[in-house]
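[1] Take this sequence and fold it.
(one chain, ligands or ions: 1)
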Amino acid sequence: MKVPFVSLEPIHQEIETELKEKIKTVYKKEVFIQGEESREFEKEFADYCGRDFCIGCGSGLDALYLILKAYGIGAGDEVIVPANTFIATALAVSYTGAVPILVDAELEFYNLNPDLMEKKISKKTKAIIAVHLYGCAAEMDKINMIAKKYDLKVIEDAAQAHGALYKGKKIGRLGDAAAFSFYPGKNLGALGDGGAVVTDDRELAEKIRMLGNYGSMEKYHHVFRGINSRLDEVQAAVLRIKLKYLDKWNNNRKITAERYLSSIKNPNIILPKIKKDRQSVWHIFAIRTMKRKQLEEYLQREEIGYNRHYPIPIHLQQAYKEYGGKQGDYPVAEMIADTEISLPMYVGMKKEVDIVIEKLNCFI
Ligand SMILES: *Cc1c(COP(=O)(O)O)cnc(C)c1O
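    Prediction:
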């Protein structure tokens, strides 16, 4: 039996009727941008995150960009970003004209290592983007403490962590503002691209709403040179349905993760660790192994899907070569990039979980 790395089939089957009906309603209404669905979704998602405001936008990358831009961050500024993350976190900073300053990760937990952060802060630093990588919250108390000391904004990149908990609090309300992605494969995913910002800051929320809508609140009155980045009605309608299932679906991922953690026993495999004070939503189940090439070949033979998150760290990407990053600059991020493999993880896995466990336990 083949096991895919990810499949949306189980959840899409579960909500198929509801989804089709809803899409039909939107289609008939002929309001495709900035209508009732996006307005209602924004309310519901703000509620879910425990925030006062939510602004839908075109993608997770846009959500990060809009927050930075609304804070007035741009050329001459620096923003702290983890070295081990998806490149969008850094790209959002670059698009404003500011420079992303990388901070290495904690090997065991994959997220940004706050103890390495302070020496990267300069007079130009304006904000920190804390990424809750793979579904698990970053070290938010320490990050917030350092941010306060240097008067920096804290932005959460919550693209992989919808619903995760940190010391009992939902992520998305642990900094000044948070960016979410609704890319189809995320824990809460649309049927296309989508994103959102959540915050309690009214002024910021209004500015972001305008920036994403050509810089205007009133049609043809443009206050800023904004962009077009809005969550459309079809996607918002789909997300409203999926949001109702999110906690249940996250719990299903948790059950799979717990089975992996308790049953995969192989000295070649390093399982992920989660600190006691947080609850991951297991967007990605990331293991590490010194025998990655062999394990990948083995998984291919056994028809088990896998992936790498992420094979090339940001400082070694061609897109960032102007900063002269080289091998050895961020040893932990490099170590993760060289040894990480992501196992199949999606809602609705059944026998597949047993197969993955069995195969991994037989790998030598
Ligand atoms: C997916 C992702 C993004 C970008 O989201 P898009 O909707 O694809 O633009 C940003 N940061 C992280 C950590 C992500 O995983």
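
[2] CA atoms for contacts and neighbours, from now on please.
    Fine.

[3] Show me the longest helix that occurs in the protein.
    The helix that spans the most residues within the chain, counting by DSSP state H, is helix 233-263.

[4] And the next helix or strand past it?
    Beyond helix 233-263 in the direction of the C-terminus, DSSP states H and E gives the next helix or strand as strand 278-279.

[5] Now find how far off-centre that following strand is within its chain.
    16 Å (Cα atoms, centre = their mean, to the nearest Å).

[6] That one pairs with which strands, and in what direction?
    Looking at strand 278-279 with DSSP bridges, its partner strands are strand 165-166 (antiparallel).

[7] which other residues reach the strand it pairs with?
    136-137, 140, 171, 277-280 (Cα atoms under 8 Å, 6 or more residues apart in numbering).

[8] Can you go through those residues and name the buried ones?
    Buried positions within these, assessed by neighbour count (16 or more other Cα atoms under 10 Å), are 136-137, 140, 171, 278-280.

[9] what residues does the stretch 101-250 of the chain put near the ligand?
    If contacts are counted using Cα under 6 Å from any ligand atom, the residues of the stretch 101-250 of the chain sitting beside the ligand are 157, 159-160, 181-183, 193-195.

[10] Any of those residues buried? List them.
    By the neighbour-count criterion of 16+ other Cα under 10 Å, these include these buried positions: 157, 159-160, 181-183, 193-195.

[11] Report the buried residues of the longest helix of the chain.
    Of the residues in helix 233-263, those with enough neighbours to count as buried (16+ other Cα under 10 Å) are 233-240, 242-243, 245-247, 249-254, 256-257, 260.

[12] before we move on, what about stretch 351-364?
    Of the residues in stretch 351-364, those scored as buried under the neighbour-count criterion (16+ other Cα under 10 Å) are 352-357, 360-361.

[13] quick one: average confidence on that stretch?
    Averaged over stretch 351-364, pLDDT sits at 97.

[14] Which residue lies nearest the spatial centre of the chain?
    A159 (2.0 Å; Cα atoms, centre = their mean).

[15] Pretty sure that one sits in a helix.
    No - assignment of A159 by DSSP: H, G, I helix; E, B strand; the rest coil gives coil, placing it outside any helix.

[16] so what strands line up beside the one helix or strand in the chain whose mean pLDDT sits lowest?
    Comparing helices and strands within the chain by mean pLDDT, DSSP states H and E singles out strand 216-218 as the least confident, with a mean of 92. Each strand pairing with strand 216-218, determined using DSSP bridges, is listed with its direction: strand 221-222 (antiparallel).

[17] Any regions of the stretch 251-364 of the chain where pLDDT drops low?
    Within the stretch 251-364 of the chain, not a single segment meets pLDDT under 70.

[18] quick one: the helices in it?
    Listed from the start of the chain, the stretch 251-364 of the chain has helices (DSSP state H, counting those that start in this stretch) covering 292-301, 331-339, 351-361.

[19] out of those, nearest to the ligand?
    Evaluated with Cα to the nearest ligand atom, those place helix 331-339 nearest to the ligand, the distance being 14.3 Å.

[20] who touches the closest one?
    Surrounding helix 331-339, the residues in contact under the criterion Cα under 8 Å, 6+ apart are 83-84, 104-107, 110, 288-292, 308-313, 327-328.

[21] Break down the chain into its strands, ranges please.
    If DSSP state E is used as the criterion, the strands of the chain fall at 53-57, 78-82, 99-103, 125-131, 153-157, 165-166, 169-170, 177-181, 195-199, 216-218, 221-222, 278-279, 285-288, 340-343.

[22] So which of the ones you listed is nearest N266?
    strand 285-288 (11.4 Å; Cα to Cα).

[23] pLDDT added to the residues of the stretch 101-250 of the chain next to the ligand, as JSON lines?
    As requested, these are exported to JSON lines (pLDDT from 0 to 100):
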{"residue": "D157", "pLDDT": "98"}
{"residue": "A159", "pLDDT": "98"}
{"residue": "Q160", "pLDDT": "98"}
{"residue": "S181", "pLDDT": "98"}
{"residue": "F182", "pLDDT": "98"}
{"residue": "Y183", "pLDDT": "98"}
{"residue": "D193", "pLDDT": "98"}
{"residue": "G194", "pLDDT": "98"}
{"residue": "G195", "pLDDT": "98"}
